[in-house]
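**Student:** The sequence and its predicted three-dimensional model are supplied below.
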Amino acid sequence: MSDLAESLPAHGPDPTASAPGSFPPSPYPAATGNRTAPSGPDERSGPARHRVELRVHGVSGGQAEELLDVEPAMRVGGDGLAGFFRWRREPDTETVPGVRREIFAWGNLTSGSSSRALWLLLLPFMLVNVAYWMRPGRMDRQPTGVRLLANNAYGAGVRLMALSLTVLITLAAAGVGMDLVAWQCAAGQGGACVRALPWMAFLASPSSVLSATGPALVTGAVVPVTVVLVLWRLSRRTAAEYEVVSSPVPPRPSDAAPLSHADFWRNSETMGRLRSAHIAVALGTVAALLLLPALRYDLAGAAPLRLPDGPGPWVAGAVLAALLAGVVATSSVSVLVPGGDPRWNARADLVCRLLRDAALVLGAAVVAYTLWPRPGWTASGRLPGNGAILNTLFSVQVALALVMLVAALALYSLDRAHPDTAMGGMAGPATASLGALLGGGFSAAIVYQGSLLLSGCGSLSAPGADCLPLTVPTAYSWLQLAFVLEAGIALAAVVLLALVLRRGTRAHLDGVTEDYKRSVRDRRTWEIARARAAGRMTEVLPSVLAAFLLPVVALGALALYSFLSGGPAAGPASAATAVSSEVRGLPQGTVSGLIGVGSLLGGAALVAVAWIGRSAYRDRPTRQAVGAVWDVGTFWPRAAHPLAPPSYAERAVPQLSARVALMCREGTDVVLSGHSQGSVLAAATVWQLPTDCLGQIALITHGSPLDRLYARYFPAYFGPEPFADLRERVTAWRNLWRTTDAIAGPVRMRDASDGATRPVREAAPLPDPRSYDAPPGEARRPPVLGHSHYTGDPAYSEALREVLRTMREEEPALGRAATG
């Protein structure tokens with residue numbers, strides 16, 4: 001675009017370019033683009049009030065210059081490959097004459113630095129955090145009875161599930177650093193380890209002071225401790241970057257709209273308390289893995305279930321174990337305390353900080369205890385305690401999933417406020433379970449790939465002559481098998497979705513021919529019908545999500561059986577034997593092959609997630625594809641998992657609210673225009689505005705997921721009742737959507753007069769494309785726009801004019817009310 005601008009005459013006035021993000025270059029001819037001829041009184045006439053069109057972009061965003069349309073050249077014909085451009089004139093920068101345009105650009109909150117792509121590796125944390133907000137039913141401020149019990153049970157289940165994921169990633173790092181590297185390789189097979197891995201000589205060589213069992217374990221503990229400290233640092237840094245100052249003028253709270261409460265977006269105290277608890281439990285897990293092998297050796301001479309005679313190092317180990325168990329248990333219980341009164345939050349935060357510091361001090365004491373000289377202490381097999389903790393953890397996760405399921409069923413049966421709630425209110429437990437499965441799969445991939453790299457083996461079942469015999473817990477084998485099943489389900493889902501799309505395309509053919517008055521069906525007819533069918537595919541998501549839960553159910557049953565029966569404790573060298581013995585009739589070679597495939601799939605998934613994340617912040621189309629899901633996940637505060645990616649709304653909504661409130665105090669009328677995820681931010685902003693903005697705010701949502709996604713998956717916070725409350729807070733509200741848009745749809749609100757649900761204005765979809773054939777002056781047919789280019793549609797400028805007329809009509813009544 002800059003090269004083109006340089007080729008244009010230098011005397012042109014302030015031109016603007018297209019916005020390739022959420023507000024892209026208009027695909028319509030200039031005569032029917034953003035700006036239309038006045039229809040009635042000029043917007044400059046009437047009361048001398050300033051008016052601002054404040055746009056909030058959606059996924060992918062863009063540079064402020066692009067979004068504002070202030071780049072030098074604008075396209076008046078053609079397309080991105082070959083088009084006609086001219087200098088942009090000042091009137092071209094206004095949708096309606098005399099109405100100033102502003103842009104709130106928040107894209108850097110979710111993109112910006114390419115290092116933020118690593119946040120995608122925290123996808124399991126994000127899924128569990130989102131599940132916290134997916135509870136069904138109403139979100140009463142003071143619930144009672146069964147609703148209170150179910151709400152508390154659901155919140156407790158999600159927060160404990162989030163804590164289990166922190167422990168899971170800690171165990172994965174410890175499985176590589178402490179079990180494989182330190183225990184099995186350096187301490188267990190020192191000479192063979194050095195021959196196979198020369199770079200391990202500093203740790204495994206018999207002449208190294210670190211080769212003894214105690215020092216080797218402490219050295220290996222550096223890996224999980226580093227992972228925990230990195231997560232701690234990321235959470236603290238993002239909390240500081242996203243923290244905002246509270247508004248001095250609180251909004252008008254409403255029980256119908258939970259997002260209208262003043263403290264909704266102020267989550268720093270609750271998140272700080274949860275972060276301290278998670279770090280305390282994670283460090284306690286590492287300390288326990290250090291303590292158990294040494295204590296087990298000190299107790300080796302005693303009879304079963306009896307303590308050794310006389311004092312010894314075991315006394316210190318037993319005291320440390322008791323203190324460590326107390327700190328971990330207390331920290332785990334502390335995550336169950338919901339955020340409430342700020343004074344209570346401050347006290348609870350102090351307690352959690354003390355528990356975190358106690359875990360650090362106990363960890364240092366455990367290091368000293370592990371380093372105590374123990375002649376004859378050698379390592380054999382797997383790291384004691386690692387497999388038992390892992391099996392127990394999986395069993396706890398299954399129990400927590402069941403608690404969430406029962407609580408969600410109770411909440412949904414008590415109040416079916418939104419009949420279209422996704423999966424009958426079970427979307428929250430399903431999302432949390434998938435997050436746990438994904439976290440387990442990532443952990444299994446890390447440990448398995450680490451064992452293959454360190455051992456030099458081509459496969460776990462048939463090691464070569466130079467392979468180190470390294471083993472990992474059998475529970476990881478089941479997770480690898482689950483990855484294979486999920487891959488098979490994904491392939492089946494792709495085939496099924498293709499068939500559904502094909503069937504939907506045929507179903508839309510008659511509608512296309514009727515709408516465009518065509519007597520013959522050609523390739524263009526099929527293209528439009530396919531776009532309409534693709535736009536309706538979002539409703540298939542609950543079925544796909546349910547299909548992905550099938551391996552979760554199987555793993556849950558196995559985990560419970562393993563926990564109750566003592567479980568398979570064999571290592572991966574015998575993993576195939578253990579698995580095939582429990583799945584009777586399944587050959588051991590088949591199981592070994594599936595485990596190997598699952599290991600490769602898990603490793604490939606980790607690499608793919610990192611690659612997609614990095615590409616998403618460099619390539620806008622990739623960012624748009626990933627952002628549709630990612631921006632929904634990071635919209636919500638970190639109320640369940642404090643180490644999840646940060647919530648951009650905690651920064652964006654208060655910042656938007658402060659800006660709009662200032663405009664209101666200055667007497668400016670504001671039209672909030674939100675596209676895609678920006679419409680959710682716009683709605684959240686209206687709920688946070690003070691009462692003195694009444695009559696000065698209008699709302700235009702376009703390509704909005706408010707009803708189609710948020711009301712269905714987050715029914716406690718969005719739905720007909722909250723939308724009715726939102727409508728009362730604005731002078732006018734218009735909603736634009738297309739049938740070809742897979743994200744947007746009509747927004748339904750509850751009518752207080754008869755209790756029926758009715759859509760916001762513009763319930764009928766916009767035509768897409770605008771014309772079947774090429775418009776005058778063009779050689780190509782207009783493209784199917786789907787989720788993009790709403791602000792370039794003539795219907796957008798008409799909607800803006802309509803809300804401005806409504807606001808002007810309301811001004812005399814508001815003036816009389818103010819002086820009456």
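**Tutor:** Ah, there it is.
**Student:** For the rest of this, base every contact and every neighbour count on C-alpha atoms.
**Tutor:** Fine.
**Student:** any idea where the helices of the stretch 301-450 of the chain begin and end?
**Tutor:** Using DSSP state H, counting those that start in this stretch, the helices found in the stretch 301-450 of the chain span residues 313-334, 342-371, 386-414, 427-455.
**Student:** Give me the contacts around the first one.
**Tutor:** Contacts to helix 313-334, defined as Cα atoms under 8 Å, 6 or more residues apart in numbering, come from residues 160, 163, 274, 277-278, 280-281, 284, 288, 291, 294-295, 298-299, 348, 352, 355, 358-359, 362, 365-366, 369.
**Student:** I'd like the mean pLDDT over it, please.
**Tutor:** The pLDDT scores in helix 313-334 average 94.
**Student:** Helix 342-371 and that helix, what's the angle between them?
**Tutor:** 160 degrees (axes from the mean of the first three to the mean of the last three Cα atoms, to 10 degrees).
**Student:** which parts of helix 313-334 are buried?
**Tutor:** 314-315, 317, 320-321, 324-325, 327-328, 330-332, 334 (16 or more other Cα atoms under 10 Å).
**Student:** same thing with the second one?
**Tutor:** By neighbour count on 16+ other Cα under 10 Å, the buried set for helix 342-371 is 345, 348-349, 351-356, 358-360, 362-363, 365-367, 369-371.
**Student:** what's the answer for the last one, then?
**Tutor:** Across helix 427-455, burial judged by 16+ other Cα under 10 Å covers 427-452, 454-455.
**Student:** So which elements touch that helix?
**Tutor:** Contacts defined by 3 or more Cα pairs under 8 Å, 6 or more residues apart in numbering; DSSP states H and E place helix 427-455 against helix 123-132, helix 145-174, helix 386-414, helix 474-515, helix 541-548, helix 550-565, helix 588-616.
**Student:** Compute the inter-axis angle for that helix and helix 386-414.
**Tutor:** Going by the same axes, to 10 degrees, helix 427-455 makes 160 degrees with helix 386-414.
**Student:** swap in the second one?
**Tutor:** Relative orientation of helix 342-371 versus helix 386-414 (the same axes, to 10 degrees): 160 degrees.
**Student:** who does helix 342-371 touch, helix- and strand-wise?
**Tutor:** With contacts taken as 3+ Cα pairs under 8 Å, 6+ apart, helix 342-371 sits against helix 213-220, helix 268-298, helix 313-334.
**Student:** what is the mean pLDDT for that helix?
**Tutor:** For helix 342-371, mean pLDDT is 89.
**Student:** The third one now?
**Tutor:** Model confidence over helix 386-414, given as mean pLDDT, is 91.
**Student:** how about Leu736, phi and psi?
**Tutor:** phi -110, psi 130 (degrees, to the nearest 10).
**Student:** Equivalent analysis for Arg100, please.
**Tutor:** phi -70, psi 140.
**Student:** what's around it, how many residues?
**Tutor:** 15 (other Cα atoms under 10 Å).
**Student:** Over to the one 3 residues further on?
**Tutor:** Applying the criterion other Cα under 10 Å, we find 18 residues in the vicinity of Ile103.
**Student:** Gly58 is in contact with that one, correct?
**Tutor:** No: judged on Cα atoms under 8 Å, Ile103 makes no contact with Gly58 at a distance of 11.5 Å.
**Student:** before we move on, the earlier item: can you lay out the helices and strands packed on helix 427-455 as JSON lines showing mean neighbour count?
**Tutor:** Putting the helices and strands packed on helix 427-455 into JSON lines (neighbours: other Cα atoms under 10 Å) gives the following:
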{"stretch": "helix 123-132", "mean neighbour count": "28"}
{"stretch": "helix 145-174", "mean neighbour count": "23"}
{"stretch": "helix 386-414", "mean neighbour count": "21"}
{"stretch": "helix 474-515", "mean neighbour count": "18"}
{"stretch": "helix 541-548", "mean neighbour count": "16"}
{"stretch": "helix 550-565", "mean neighbour count": "17"}
{"stretch": "helix 588-616", "mean neighbour count": "19"}
